[in-house]
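**Q** Sequence and predicted structure are below.
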Amino acid sequence: FFPSSQLANIMSLVPATVAPAQQYLATPSASSSTLVNARAVHRHESQDIVALAQFVQTADAFTHATVGGKLDLICEQIRHLQAQAQQILEKAKADVQLSRAKCNFQRRPGQVYHLYRQTTPGGQEETFFSMLSPAEWGAASPSFVGSYYLEHDMSYTKLEDRGRRPPIDPHLLGLTGAAASGMLSLTQH
């Protein structure tokens, strides 16, 4: 891992002998035993420092890989959250446009309303809600845009999308692997 010139510099820093070190158990008594052999402390091989340096490099590599993997996961979660935020903003914009459509009756949550587009005598295009479906209008029907269900939170859901739920994303729950599949099976019943 180290070039020979750096290894020689490192080896020159290692003292020839190390002061004896003895450590004992927390409660010294007659039956205490030595945790470190004092004679073995004085013996050092030249490969010891190389092995230590290799261990440090390996630990650094594992740390970098672990941190990199965790940061990649966080970046993926951020991208997913940004996509969800974009969807929420687009839905809110559509709800605002739908709530601004002309309507000659009081809108009540839980009802289906049909959106039409027509050109005014002044040449402007406008949208309006009607309780009549295109079939009920017959041949005199203005340009049909779509049918919407007015939710109780006063947001609109396209009639064909009603009842569809987006799947639960395990990234948002902070789950991975088997834990995610277990949570998904619990929530889908």
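**A** That came through, no problem.
**Q** Distance of residue 97 relative to residue 65?
**A** To residue 65, residue 97 is 49 Å away according to C-beta to C-beta, to the nearest Å. Using the backbone N, CA and C atoms, a C-beta is placed for each residue, glycine as well.
**Q** One more: residue 78?
**A** 20 Å.
**Q** Also residue 114?
**A** Taking C-beta to C-beta, one finds residue 114 at 57 Å from residue 65.
**Q** Give the next helix or strand downstream of the strand or helix carrying residue 64.
**A** Counting by DSSP states H and E, the element that carries residue 64 is helix 46-99. Per DSSP H and E, helix 46-99 leads on to strand 112-119 as the next helix or strand towards the C-terminus.
**Q** elements contacting that following strand?
**A** strand 125-130, strand 143-150 (3 or more C-beta pairs under 8 Å, 6 or more residues apart in numbering; DSSP states H and E).
**Q** Touching that strand from outside, list them.
**A** Strand 112-119 has contacts (C-beta atoms under 8 Å, 6 or more residues apart in numbering) with 98, 101, 103, 107, 125-134, 141-150, 159.
**Q** Just the CA atoms of it, as PDB, please.
**A** C-alpha atoms of strand 112-119 as PDB (Å, rounded to 0.1, in the frame of the first residue of the first chain):
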ATOM      1  CA  VAL A 112     -69.500  14.200  -9.800                       C
ATOM      2  CA  TYR A 113     -69.300  17.200 -12.000                       C
ATOM      3  CA  HIS A 114     -68.600  17.400 -15.700                       C
ATOM      4  CA  LEU A 115     -66.200  20.000 -17.100                       C
ATOM      5  CA  TYR A 116     -66.800  21.600 -20.500                       C
ATOM      6  CA  ARG A 117     -65.100  24.200 -22.600                       C
ATOM      7  CA  GLN A 118     -66.800  26.700 -24.800                       C
ATOM      8  CA  THR A 119     -66.000  29.900 -26.700                       C
END
